[in-house]
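Chemist: structure of the sequence below:
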Amino acid sequence: MFKNVASPISLAYLCALFILFPECLFGQTTPAAEYLYDSVMVEIHPDYTADITYKKCIRFNRAGADKYSILRVPVNQHIDFSPINFSTRLPDGRELTLERGDIETISDFSPRYYPESKTKVIYIPSPRAGAVAEIAYRLKFESLLYLPRFFRQYDIPSNNSYFEVKSGIPYAYYISESLEIGFLPDSILAVFAPSIPARIVEPHMPAHDDYQILIKPDSVDYMEGRYGFSRWPDVANFYNDISPMHDTNDLPIVIRNLADSLVSGRNSRADSLESLLGYVLNNIRYISMDIGRGEFKPLEAVEVLSKRYGDCKDQSALLVSLCRAVGFKADPALMTTREKPDVIIEMPWPGFFNHVITAVDTGNGYLFLDASQATCCFGNLPFSLRNRRALICGDSPFLEFTLTSPYGRNNDIDIDMTYNLNGGSDMRVDVQIEIFRDPAHVFHSPNDRQTLSNVIYTLFSEDILGRYSNNFRAETNSPDYIKIIGVFYENLTESKPGSRMLVTTQSPYVKTLRNFFVLSGRTNPYEFDYSFNVNETVNFNIGNDYEAENDSLVISFNERGLNAELSVLTNDNNCRISKSFQLFNYTLSADRYNRFADFLLIASQIGYNSIELTKGKR
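Modeler: I've put the predicted structure just below:
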């Protein structure tokens, strides 16, 4: 059995926690609905087909649980659906039965495009408060590539969950350590969990499935071929084998001519790649379909160009061909989105992936291009693909990548402020803010004033926003780069010659990191969407009316993947406060996060964001 690399959560502990504090797991004492039992029985036959029987019993604890009363089952030409029983027992004892004709079949996409990929929609009869529904159906798989991942954790709790598999061919399996495993006679694998809490899903956060089961046959039949997946290169070779993509020397003339016209007159490799990506984004209509739902095989690039529509793998096939036509080393990259857990490294399997993008080897790292995401700027991946693993179907068969790009600045916020103390009761503060790449994409709006408001509100106090927002302007406003300059004023305390005063600065640095690290309602604060850097420099031009003592101070935090430093340096006529933060890793352990939160609290104290001045020269 493969072990889960995550820290296990004891099932006994979860059960005890549920008994003592049920609201901790479900957010309320009684969930809207819950599975009284949930069983899956899998039989894999010697002819490389499989039958899976699902049986569930769901209790509706109160009205308004509509989202749990509709069952959707994806099918295609490789999966046959057979209903067994859909019935509901009402609180007064009456029983309602769903007839076979009451099951709706809908096409997920246009009739001309993968018409065999459909969804069975079953409406459970009368899901009123106190009702108990019985659900049973069978799926027959002609290709084992389409076996589901057998998630056992839902957004409602389940009890007495049972999983059983009997196979006529060799297979491997993975289960979370939270589950109990046993073997029945005749080599039947059996897994049982008496109680599984509801899963909590947060926006822009990976799903943490502490309860899951995966089955991976050693070999599968697909498109008149038999494929085995003992290593990740086997999966890459499988995708390359079924993909009708051409090598550089064998590309159709229409693809070559189009690519040449798109890069003509471009000044750099980056401009050329952006033009190729822009063509696919703007001219090939995206039709949503996960790989594995319809087919793993993409269409030919010429066919995609002719149809003017396709899903992610089709768009990637066209973009890969266009890149290769003008000399770029490009390959498809298989990915999984944030709705699914990370790829389990010990279990090479095509079904782990539900998305395809394009990986361009620039010689200075990979540049990843998503031809199905028109909302994200060049060189940036959307949130759903960050903190993911990619299987590049080229020379490097498996790669864990970050968002570093070989072009320009990467995910930086640079803040420069100059305090001018030249006499009088006001200090003029000149501000320049530069935001590069992903943070810029977060702040950006096509409306300059809205972008300005987004930045100033996030980085500065409400006092600055209210009094001096009109003193700021956006010199540059794009999804990839924002530059803002502005001026605000701070009051100086009236003082006599020889007296001392403390001048406190604004610190957008501290406010920015608080926004990243202290988010209300976030139950798992240790995951971040991308690596980023924050740098702040505060200069004091002291002038002739004040004096500062020569002094220096440095405090720092440096733990694996997480670095921060604060330094203060003063002399007679100048003072500089510098702060820097770098996040290299996406995931922080809880103890490391808490230590950094403590450091951030210290760094935000007045003593580290101020200087002491003496009125007049000595």
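Chemist: and the pLDDT for the residue sitting nearest the centre point of the chain?
Modeler: Nearest to the geometric centre of the chain sits Ser384, at 3.6 Å (Cα atoms, centre = their mean). The per-residue pLDDT reported for Ser384 equals 71.
Chemist: for it, which three-state class applies?
Modeler: Following DSSP: H, G, I helix; E, B strand; the rest coil, Ser384 is assigned to helix.
Chemist: now swap in the one 10 residues further on and tell me
Modeler: Applying three-state DSSP to Gly394 yields a three-state assignment of coil.
Chemist: local confidence estimate at it?
Modeler: On the pLDDT scale, Gly394 is placed at 83.
Chemist: ok, Pro22 next?
Modeler: pLDDT, Pro22: 38.
Chemist: and if you look at Gly101?
Modeler: So Gly101 comes in at 71 (pLDDT).
Chemist: next one: Gly408
Modeler: At Gly408, pLDDT is 61.
Chemist: show me where the stretch 501-618 of the chain has helices.
Modeler: Using DSSP state H, counting those that start in this stretch, the helices of the stretch 501-618 of the chain run over residues 508-517, 590-603.
Chemist: buried stuff in the shortest one?
Modeler: The reference is to helix 508-517. 508-510, 512-513, 516-517 (16 or more other Cβ atoms under 10 Å). Backbone N, C-alpha and C define where each C-beta goes, glycine included.
Chemist: how about the last one?
Modeler: By neighbour count on 16+ other Cβ under 10 Å, the buried set for helix 590-603 is 592-593, 596, 599-600, 603.
Chemist: can you check stretch 255-267 too?
Modeler: 255-256, 258-259, 262-263.
Chemist: Serialize these to a markdown table and add fields for distance to Asp80, pLDDT and secondary structure.
Modeler: What follows is these, written out as a markdown table (distance: Cβ to Cβ, whole Å; pLDDT from 0 to 100; DSSP: H, G, I helix; E, B strand; the rest coil):
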| residue | distance to Asp80 | pLDDT | secondary structure |
| --- | --- | --- | --- |
| Ile255 | 38 | 95 | helix |
| Arg256 | 43 | 94 | helix |
| Leu258 | 41 | 96 | helix |
| Ala259 | 42 | 96 | helix |
| Leu262 | 44 | 96 | helix |
| Val263 | 47 | 94 | helix |
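Chemist: okay if I get these as a markdown table plus distance to Tyr54?
Modeler: Converted to a markdown table, these look like this (distance: Cβ to Cβ, whole Å):
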| residue | distance to Tyr54 |
| --- | --- |
| Ile255 | 45 |
| Arg256 | 50 |
| Leu258 | 47 |
| Ala259 | 48 |
| Leu262 | 49 |
| Val263 | 52 |
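Chemist: where do the strands sit along the stretch 101-250 of the chain?
Modeler: 104-107, 118-123, 132-141, 158-167, 171-175, 180-184, 188-196, 213-217, 219-222, 225-228 (DSSP state E, counting those that start in this stretch).
Chemist: just name the most buried of the ones you listed.
Modeler: strand 213-217 (a mean of 22; mean count of other Cβ atoms under 10 Å).
Chemist: list the pairing partners of that one within its sheet, with orientation.
Modeler: Under the criterion DSSP bridges, strand 213-217 sits next to strand 171-175 (antiparallel) in its sheet.
Chemist: send me the partner strand as CSV with only the CA atoms.
Modeler: Only the C-alpha atoms of strand 171-175 are listed here, as CSV (Å, rounded to 0.1, in the frame of the first residue of the first chain):
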residue,chain,number,x,y,z
TYR,A,171,-3.6,-3.5,-10.2
ALA,A,172,-2.1,-1.1,-7.7
TYR,A,173,-4.1,1.0,-5.1
TYR,A,174,-3.7,4.0,-2.9
ILE,A,175,-5.7,4.8,0.2
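Chemist: show residues contacting it.
Modeler: 1-2, 4, 44, 165, 181, 189, 191, 212-218, 344, 346-347 (Cβ atoms under 8 Å, 6 or more residues apart in numbering).
Chemist: follow-up on the earlier one: if we take the buried residues of helix 508-517, which one ends up nearest to Lys313?
Modeler: Phe516 (34.1 Å; Cβ to Cβ).
Chemist: any idea of the pLDDT on the residue nearest to the closest one when sequence neighbours are not counted?
Modeler: Spatially, and ignoring its direct neighbours in sequence, Phe516 is nearest to Phe528 (7.3 Å; Cβ to Cβ, 6 or more residues apart in numbering). Phe528 carries a pLDDT value of 70.
Chemist: start the count at 5, not 1, going forward
Modeler: Will do, 5 is the new start, and the previous item becomes Phe532.
Chemist: what about Phe532, neighbour count?
Modeler: Residues lying near Phe532 (other Cβ atoms under 10 Å) number 18.
Chemist: got it, and the one 10 residues further on?
Modeler: The burial metric for Val542, expressed as a neighbour count using other Cβ under 10 Å, is 24.
Chemist: phi first, then psi, for the nearest residue to Arg273 once chain neighbours are set aside.
Modeler: Leaving aside its sequence neighbours, Arg273 sits nearest to Thr366 (Cβ to Cβ, 6+ apart; 7.2 Å). Torsion angles at Thr366 (phi, psi; degrees, to the nearest 10) stand at phi -90, psi 0.
Chemist: from Ser325, how far off is Thr366?
Modeler: Separation of Thr366 from Ser325 (Cβ to Cβ, to the nearest Å): 18 Å.
Chemist: same question, Glu138
Modeler: Relative to Ser325, and taking Cβ to Cβ, Glu138 is found at 51 Å.
Chemist: and stretch 331-339, what's its mean pLDDT?
Modeler: Per-residue scores along stretch 331-339 average to 92.
Chemist: what comes up buried for that stretch?
Modeler: Buried, per 16+ other Cβ under 10 Å, within stretch 331-339: 332, 334-339.
Chemist: look at Thr366 and Ser325 and report which has more neighbours.
Modeler: Of the pair Thr366 and Ser325, Ser325 is the one with more neighbours under other Cβ under 10 Å, namely 26 against 15.
Chemist: if I read this right, that one contacts Asp251, doesn't it?
Modeler: No. With contact defined as Cβ atoms under 8 Å, Ser325 does not count as touching Asp251 (10.0 Å).
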